[in-house]
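Enquirer: with the input below, show me the fold.
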Amino acid sequence: MLNRRSLRVKAMQTLFAYHQCTDANSNLGLEEIDEEFSPDLNSMDAPDHDKLKSDIEQAKKIYSSNLTGIALEDDTPVSIEAQNKANAVFELFNKRCRDDFDHLSKQMVNDAQALVDRFLEVISLLISWSDYSKVEADKKRKLTPERLFVGDYNFSKNKVVQFFKDSSKVQVALIKKDITWENDEDNVKNWFKEIIKKDELFAEYRRIAESTFDKDKELIDHLIKQIIFKNEQILPFFESKDIFWIEDKAIVRSLVTRSIRDLEHDSSPKEFDVPDFSNNWEEDKEFFEQIFKLTVEKSKEYSDMIANKTKNWDVERLAITDQIILKMAITEMLNFTSIPLKVTINEYIELSKNYSTPKSKQFVNGVLDVISNELQTEGRVKKSGRGLMDNK
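Expert: Sure thing, here's the model as predicted:
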């Protein structure tokens, strides 16, 4: 189940990506100023190197002033050429940042929704192993038809996997999202031969004369928890498809294990539905998008707020992740009235502990404690209702 903590992590990752984009866009502007005032090698006239150098310095100062919001001194001499170029580069910087913002905010939501794709990939892998197991058994019996294969129970008979094969909603979702292991058939076969068949519990399962629904569930639960989401040969495949797999893995595993846990021996595949990864996606999606949007929009204001509480620190020298975590926390305190302050502070302390430097937990805790007290004293924090409890 996707929860608010998972959404905060994904928003934090996207804000980090946006920060990198803004840095890159800023540097592109500086390069364009250098290029604008570089000597024209095709000109017949000798370049005025002093003038070009002066224009570069002036344009970069104006550009920097535009970026930081810090005004230049009144007596700073500026040429028309430098002024025009600096303004043009700054406009282009803003356009690039807007484009990056739009792209990342959409990608952020798509990445969250793609967790269902990861769920389906795991289900499809189990089905593929089942199909391969049947092919292997049929081939074995064809070669030695006279032999009775007692104690060689075939995985293709597993009722849980058969349930997913018979579920029209699973099959439609697999087709609709074009999820298949056909292009990775070699991996499917090798994993089955080298990992699954050598697993002790799986070997024990194959020795039974006949299985039960509960035993089938027990095996599938084991394959998911102990092999698919743990094996060092299988995990890299999922990591290659999802750059956030380290964080997403636990969510996907929960989706799959919960779906299998809820199956009963008399369940009908017709009743099974591909699970939602959120109890209320529309509400969670709004939280997700707003925490990203408002943190970007108020970044400068929140940087100043943090700087006032960290007099002995240069905010720009703080770990980027710490800056993002603090800004997100302030955004949440001020703009999400139904989330209790204590919940917000605890959640971002947890983020700092898991995703930033070893000392970040204490630092973030201290800064947020001071800021939250000040915001409450000023009456800027307004909470209403019983409080939105995170669905952790």
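Enquirer: in the helix or strand hosting residue 333, what counts as buried?
Expert: Assignment of secondary structure by DSSP states H and E places residue 333 within helix 320-335. Of the residues in helix 320-335, 321-335 count as buried by neighbour count, 16 or more other Cβ atoms under 10 Å. Glycine gets a C-beta too; all of them are placed from N, C-alpha and C.
Enquirer: again with stretch 133-144
Expert: Buried, per 16+ other Cβ under 10 Å, within stretch 133-144: 133, 136, 137.
Enquirer: of those residues, which belong to helices?
Expert: Counting by DSSP state H, the part of the buried residues of stretch 133-144 found in helices is 133, 136, 137.
Enquirer: between the buried residues of stretch 133-144, which is nearest residue 294?
Expert: Comparing those against residue 294 with Cβ to Cβ places residue 133 closest, at 51.4 Å.
Enquirer: can you check the pLDDT for the closest one?
Expert: Listed pLDDT for residue 133 reads 92.
Enquirer: next one: the one 5 residues further on
Expert: In this model, residue 138 is scored at 84, pLDDT.
Enquirer: hmm, residue 223 is touching residue 192, no?
Expert: No. Counting by Cβ atoms under 8 Å, residue 223 stays clear of residue 192, with 10.6 Å between them.
Enquirer: alpha carbons only: can I get the helix holding residue 333 in CSV?
Expert: The C-alpha coordinates for helix 320-335 follow below in CSV (Å, rounded to 0.1, in the frame of the first residue of the first chain):
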residue,chain,number,x,y,z
ILE,A,320,21.0,19.7,-0.4
THR,A,321,18.8,16.9,1.0
ASP,A,322,18.6,18.7,4.4
GLN,A,323,17.5,21.9,2.6
ILE,A,324,14.8,20.1,0.7
ILE,A,325,13.6,18.2,3.8
LEU,A,326,13.3,21.4,5.8
LYS,A,327,11.5,23.3,3.0
MET,A,328,9.0,20.4,2.5
ALA,A,329,8.4,20.3,6.3
ILE,A,330,7.6,24.0,6.3
THR,A,331,5.4,23.7,3.3
GLU,A,332,3.4,20.9,5.1
MET,A,333,3.2,22.9,8.3
LEU,A,334,1.8,26.0,6.6
ASN,A,335,-0.4,24.5,3.9
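Enquirer: in the stretch 51-200 of the chain, what spans have low per-residue confidence?
Expert: For the stretch 51-200 of the chain, the stretches flagged by pLDDT under 70 are 74, 76, 145-152.
Enquirer: would you map the helices across it?
Expert: Using DSSP state H, counting those that start in this stretch, the helices of the stretch 51-200 of the chain run over 80-113, 115-143, 159-166, 168-176, 185-191, 200-206.
Enquirer: out of those, nearest to residue 364?
Expert: Closest approach to residue 364 among the helices of the stretch 51-200 of the chain is made by helix 80-113 (22.3 Å; Cβ to Cβ).
Enquirer: give the buried residues for that closest one.
Expert: Neighbour count says helix 80-113 has 81-82, 85-86, 88-90, 93, 96-97, 100-101, 104-105, 108-109, 111-112 buried, by 16+ other Cβ under 10 Å.
Enquirer: closest to residue 237 among the buried residues of stretch 133-144?
Expert: Closest to residue 237, out of all of those and judged by Cβ to Cβ, is residue 133, at 19.5 Å.
Enquirer: show me the contacts for the closest residue to the closest one other than its chain neighbours.
Expert: Nearest residue to residue 133 in three dimensions, chain neighbours excluded: residue 155, at 3.9 Å (Cβ to Cβ, 6 or more residues apart in numbering). Residues in contact with residue 155 (Cβ atoms under 8 Å, 6 or more residues apart in numbering) are 129, 130, 133, 161, 196, 202, 205, 206.
Enquirer: pull the contacting residues for the fifth one.
Expert: If I follow you right, that is residue 196. 129, 155, 202, 223, 227.
Enquirer: and those residues, which two are furthest apart?
Expert: 155 and 227 (12.8 Å).
Enquirer: count of neighbours near residue 225?
Expert: Other residues within reach of residue 225, judged by other Cβ atoms under 10 Å, total 13.
Enquirer: quick one, domains of the protein?
Expert: The record's domain parsing of the chain by automatic domain parsing lists 4-112, 114-266, 298-377.
Enquirer: much appreciated, bye for now.
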